[in-house]
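Visitor: I need the structure of the sequence given here:
(one chain, ligands or ions: 1)
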Amino acid sequence: QPRDVRVGVYDNLPKIALSHDGQPSGIFGELLVEMARQQDWRLRVVPCDWQTCLSLLQRGELDLLPDVAYSEERAKRFDFHHIPALYSWSQLYSRKNLELLSPEDLKDRRIAVLEGSIQQDYLLGFLPSSDLRATLLPVASLDQGFALVSSGLADAAVANKQFGDRYAGEYGLFGTPLMFPPLRMFYATRKGANADLLGAIDQQLRAWEQAPDSFYRQTLQRWKPEGLRTQVPPAIWWGLAGLIALLLTTFGGAMLLRRQVAEKTWHLRASEARLNTILDSVEAYIYIKDQQLRYQYANRKVCELFGKRPEEVVGHTDEEFFDAATAHNLQNNDRRVLELGERVEKEETNHNLKTDGERTFLSVKLPLRHPDGSIYALCGISTDITEHKRNRDEIHRLAFYDPLTGLANRRLLLDRLQHALVRRSRRCGEGALLFIDLDNFKDLNDTFGHDVGDQLLQLVAQRLGGQARTEDTVARLGGDEFVVMIEDLSARPDEALAQIENVASKTLQALAEPYTLLGRQHICTASLGIALLSESRSSVEDLLKRADLAMYEAKSAGRNTLRFFNPEMQARITVRTTLESELRKGLQHNDFVLHYQPQVDHRGRLLGAEVLVRWQHPSRGLVPPMEFIPAAERCGLILPLGQWVLRSACQQLAAWARNPEWAGLSLAVNVSARQFHHPDFVNEVLAVLEETGANPLRLELELTESLLVEDVDALIVKMNQLKNKGIQFSLDDFGTGYSSLSQLKRLPLNQLKIDRSFVHDLQLSSNDAIIVRTIIALANSLELAVIAEGVETPEQRDALLQLGCHRFQGYLFGAPRVVGHLQDWSSAARLGGAPPLTPDAIEP
Ligand SMILES: Nc1nc2c(ncn2[C@@H]2O[C@@H]3COP(=O)(O)O[C@H]4[C@@H](O)[C@H](n5cnc6c(=O)[nH]c(N)nc65)O[C@@H]4COP(=O)(O)O[C@H]3[C@H]2O)c(=O)[nH]1
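Guide: Here you go, the predicted structure:
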């Protein structure tokens with residue numbers, strides 16, 4: 001029984017076609033007919049076009065399809081025999097005038113290609129990766145492709161060599177040098193079916209291969225185009241095909257390389273575009289600055305902030321977008337990144353020149369490095385936290401400040417107090433809490449209403465703020481209670497006490513000034529309690545309680561006053577304030593007297609006297625100056641007191657001037673630093689001289705060394721003004737203070753006064769003797785007179801004489817007494833009652 005073999009036949013001469021008698025024809029056709037004859041197959045021909053044939057074969061409606069090129073992809077769908085039935089290669093055919101000589105010439109061309117063919121697959125893979133932008137026109141048959149080219153509807157058509165050589169001329173087409181890789185052609189069957197057919201075909205082809213003049217070769221010869229049939233042997237054709245294949249492979253390689261570069265570039269561009277999209281869509285401000293702090297990149301938000309386009313930002317610096325202070329601050333942070341390689345995280349407040357607005361950013365800045373680690377730029381990411389900061393500040397304000405007065409609230413005060421206590425434990429400066437409660441605030445509030453009460457509280461807050469230093473804390477605890485915390489006071493208790501008292505008194509004075517409320521003047525005093533930070537051994541609350549208790553003490557003491565929590569301190573303050581008020585009264589009542597202490601020369605002759613003030617206290621009797629002069633200096637009463645002393649002394653000089661017996665005597669008057677530094681001092685002295693008529697040459701002002709501590713130049717100016725009028729100057733307590741030789745040389749002095757402490761131990765301490773000798777030598781070299789005070793014994797006097805001192809003052813010659821005593825003493829001395837001086841000490 002002959003085997004039925006269904007064969008698909010389509011029109012592709014010279015390889016396959018249907019003959020007039022309905023049998024397969026062409027190379028594949030005739031070979032198949034011969035094989036069918038030998039294998040006893042009955043061929044059932046199914047005419048179809050190429051695409052249909054492939055579909056029928058896949059569906060199993062054909063047993064065999066001739067002229068199928070092998071490809072990996074096809075091998076998944078079809079089975080092939082092993083020995084190729086034919087080698088074929090394709091090339092492009094075109095009209096002659098188009099001159100398609102290289103692949104570049106295919107740019108923008110329309111290429112007709114058999115649909116479903118290997119060449120179509122090839123072109124579909126190759127063209128998209130090139131930039132040829134050629135268009136493929138799929139056709140059902142090679143004839144159709146040639147017809148399209150011939151009619152101008154396509155620029156080139158792909159056809160196998162066999163077909164092209166045969167029919168190109170008919171369509172007026174020519175083969176171009178553009179070729180496709182050679183293909184191996186087979187009879188194909190459906191996958192997994194008809195293995196016997198394939199085996200038989202292989203067997204037949206092998207047999208023909210070995211025979212030199214086989215049916216196979218005769219068939220090939222028969223179907224060659226006329227011109228080629230004899231001249232070109234098949235081996236040449238195969239060689240040529242190989243060469244073309246090589247060329248195409250090289251071309252393909254170049255194209256592949258080009259495709260890879262194009263792909264890479266495209267990927268880079270794509271990822272850059274992707275990145276830009278991301279960077280421009282985030283809400284952060286992202287930028288890159290180079291070593292010169294010029295912007296190299298700025299995302300959309302940065303450009304919007306500056307109101308500039310990207311190209312107007314890149315290459316520019318912050319000075320062009322922000323004010324100078326902002327730019328300076330930004331550059332400081334940027335340099336830390338670029339120069340030190342630090343990652344900087346900072347809150348930056350920027351003043352924008354364009355919008356004239358201020359915004360705060362949280363910026364993170366990182367160095368960008370080359371592979372070798374060197375920094376070439378910085379990348380900054382800033383987030384706008386203006387709103388957040390505003391909210392944060394507002395929350396902070398609400399949490400820590402009193403809404404009515406804007407002062408610190410209790411919470412902030414306690415916090416600061418806690419810190420102050422910690423600081424104080426490290427340093428030794430004193431600090432204090434002043435607890436202030438307004439006197440009679442409730443009455444005012446009840447009478448005039450809360451609005452007026454609130455106004456008063458605001459005015460009180462302003463006055464307290466005006467009094468305080470920036471480092472002090474002024475707080476409102478609620479109601480009419482305020483607290484001032486002062487720190488960094490002197491570590492010496494007395495000084496600290498004076499400072500605190502000074503602040504507290506000024507505060508009370510400031511608060512006691514009238515307030516204008518509802519157009520009327522109101523007086524509202526306050527009571528003030530003080531607790532020292534050094535007193536607190538326990539909590540801050542405890543400290544506050546102490547100040548509060550002290551404030552209640554002030555209230556019970558009659559209000560508008562201050563009280564210390566510490567009773568000892570309070571006692572000292574009370575003593576001092578009592579002393580001061582009594583001093584004031586003493587001055588009003590003329591309770592002061594002057595005592596005169598004689599000053600003599602080496603012969604015991606009276607030169608004059610030092611004027612020493614005493615206070616004739618109504619209950620305490622005669623009070624020595626050391627008990628009230630410091631208080632008078634502190635509270636300023638030294639000015640009127642000193643004026644009184646000076647005037648009294650000058651009046652005495654004027655009185656003596658009228659009596660020849662006393663006319664040659666001088667008077668030394670002590671002048672305190674505060675007095676001398678008073679701007680009117682010089683004028684006042686001259687006015688007193690004028691007023692009393694005293695001889696300036698008889699007036700000696702005794703200055704202490706403490707005067708030399710501050711502003712020596714101003715001191716010298718003043719001294720010279722007085723010296724020019726004839727007034728003499730003596731430097732008191734010399735040797736105990738701070739005078740340096742260089743300062744001493746500049747002062748217009750007349751005399752140095754050796755302090756009584758050196759005189760006292762002159763014979764006991766060799767040191768004191770050396771000091772006294774030095775002072776005398778110094779006075780001699782500066783051409784100054786020298787006088788010793790506190791001379792109590794003849795031995796001291798003799799020792800001083802020996803050392804070269806010829807003027808004396810001390811109990812040995814007379815204690816300070818009222819002026820009558822001095823005059824009596826002088827008369828007695830002249831009559832020989834004065835202590836004798838040793839002959840060897842007498843001036844030659
Ligand atoms: N141990 C001892 N002391 C002697 C002796 N001779 C005198 N004195 C005392 O030594 C002091 C000398 O006055 P001073 O050094 O200027 O020191 C004065 C002076 O600095 C100041 N002072 C007195 N009167 C005035 C004044 O009118 N104005 C100013 N600014 N200060 C005055 O008060 C200080 C003390 O004055 P006084 O108590 O009067 O004390 C006087 C005097 O009484 C002695 O032999 N032995």
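
Visitor: you'd agree residue 405 is in a helix?
Guide: No - remark: residue 405 does not belong to a helix; assigned using DSSP: H, G, I helix; E, B strand; the rest coil, it is coil.

Visitor: that one: neighbour count?
Guide: Residue 405 sits with 21 neighbouring residues when counted by other C-beta atoms under 10 Å. For glycine as for every other residue, the C-beta is placed from the backbone atoms N, C-alpha and C.

Visitor: how near is residue 761 to the ligand?
Guide: With the distance defined as C-beta to the nearest ligand atom, to the nearest Å, residue 761 ends up 12 Å from the ligand.

Visitor: and that residue, what does it touch?
Guide: Residue 761 makes contact with residue 768, according to C-beta atoms under 8 Å, 6 or more residues apart in numbering.

Visitor: so what's the backbone phi/psi at it?
Guide: In terms of degrees, to the nearest 10, the main-chain angles of residue 761 are phi -100, psi 20.

Visitor: ranges for the strands of the stretch 51-200 of the chain?
Guide: Assigned by DSSP state E, counting those that start in this stretch, the strands in the stretch 51-200 of the chain fall at 65-69, 78-80, 86-88, 90-94, 110-114, 135-139, 156-160, 174-179, 183-190.

Visitor: which one of those is the most hemmed in?
Guide: Mean neighbour count, computed with mean count of other C-beta atoms under 10 Å, is highest for strand 156-160 among those, reaching a mean of 28.

Visitor: walk me through the domains of this protein.
Guide: Domains of the chain are assigned by automatic domain parsing as 3-86+186-231, 90-181, 282-390, 401-565, 595-835.

Visitor: returning to what we had before: looking at the strands of the stretch 51-200 of the chain, which is nearest to the ligand?
Guide: Nearest to the ligand among the strands of the stretch 51-200 of the chain is strand 135-139 (117.6 Å), distances taken as C-beta to the nearest ligand atom.

Visitor: sorry, back to before: would you turn the strands of the stretch 51-200 of the chain into CSV with distance to residue 50 and mean pLDDT?
Guide: Shown next, in CSV, are the strands of the stretch 51-200 of the chain (distance: least, C-beta to C-beta, whole Å; pLDDT from 0 to 100):
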stretch, distance to residue 50, mean pLDDT
strand 65-69, 9, 94
strand 78-80, 14, 95
strand 86-88, 14, 88
strand 90-94, 14, 92
strand 110-114, 6, 93
strand 135-139, 10, 92
strand 156-160, 12, 93
strand 174-179, 21, 88
strand 183-190, 12, 93
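
Visitor: tabulate the ones you listed (CSV), appending distance to the ligand.
Guide: Shown next, in CSV, are the strands of the stretch 51-200 of the chain (distance: least, C-beta to the nearest ligand atom, whole Å):
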stretch, distance to the ligand
strand 65-69, 130
strand 78-80, 131
strand 86-88, 134
strand 90-94, 125
strand 110-114, 121
strand 135-139, 118
strand 156-160, 125
strand 174-179, 123
strand 183-190, 129
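
Visitor: export the ones you listed to JSON lines and tack on distance to residue 752?
Guide: Shown next, in JSON lines, are those (distance: least, C-beta to C-beta, whole Å):
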{"stretch": "strand 65-69", "distance to residue 752": "131"}
{"stretch": "strand 78-80", "distance to residue 752": "133"}
{"stretch": "strand 86-88", "distance to residue 752": "134"}
{"stretch": "strand 90-94", "distance to residue 752": "126"}
{"stretch": "strand 110-114", "distance to residue 752": "123"}
{"stretch": "strand 135-139", "distance to residue 752": "120"}
{"stretch": "strand 156-160", "distance to residue 752": "126"}
{"stretch": "strand 174-179", "distance to residue 752": "123"}
{"stretch": "strand 183-190", "distance to residue 752": "130"}
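
Visitor: residue 587 is nearest to which of the ones you listed?
Guide: Nearest to residue 587, of all these, is strand 135-139, at 120.3 Å by C-beta to C-beta.

Visitor: residue 674 should be in a helix, yeah?
Guide: Yes - counting by three-state DSSP, residue 674 is located in a helix.

Visitor: isn't it up against residue 641?
Guide: No - at 10.8 Å, residue 674 does not count as touching residue 641 under the criterion of C-beta atoms under 8 Å.

Visitor: which of those two has more neighbours?
Guide: Comparing residue 674 with residue 641 by other C-beta under 10 Å, the one with more neighbours is residue 641, at 23 against 16.

Visitor: so the more buried one sits against residue 591, correct?
Guide: No - counting by C-beta under 8 Å, residue 591 is not a contact partner of residue 641; they are 10.8 Å apart.

Visitor: which of the helices or strands spans residue 267?
Guide: Applying DSSP states H and E as the criterion places residue 267 in helix 234-281.

Visitor: rewinding a little: out of the domains of the chain, which comes closest to residue 274?
Guide: Shortest distance between residue 274 and the domains of the chain, using C-beta to C-beta, is found for domain 282-390: 13.2 Å.

Visitor: what's the span of the closest one, first residue to last?
Guide: One end of domain 282-390 sits 23 Å from the other (C-alpha to C-alpha, to the nearest Å).

Visitor: what do you get for stretch 559-570?
Guide: Across stretch 559-570, first to last residue, C-alpha to C-alpha, it's 16 Å.

Visitor: now it: average pLDDT?
Guide: For stretch 559-570, the mean pLDDT works out to 84.

Visitor: what residues sit buried inside it?
Guide: Neighbour counts using 16 or more other C-beta atoms under 10 Å place 560, 561, 562, 563, 564, 565, 566, 569, 570 of stretch 559-570 among the buried residues.
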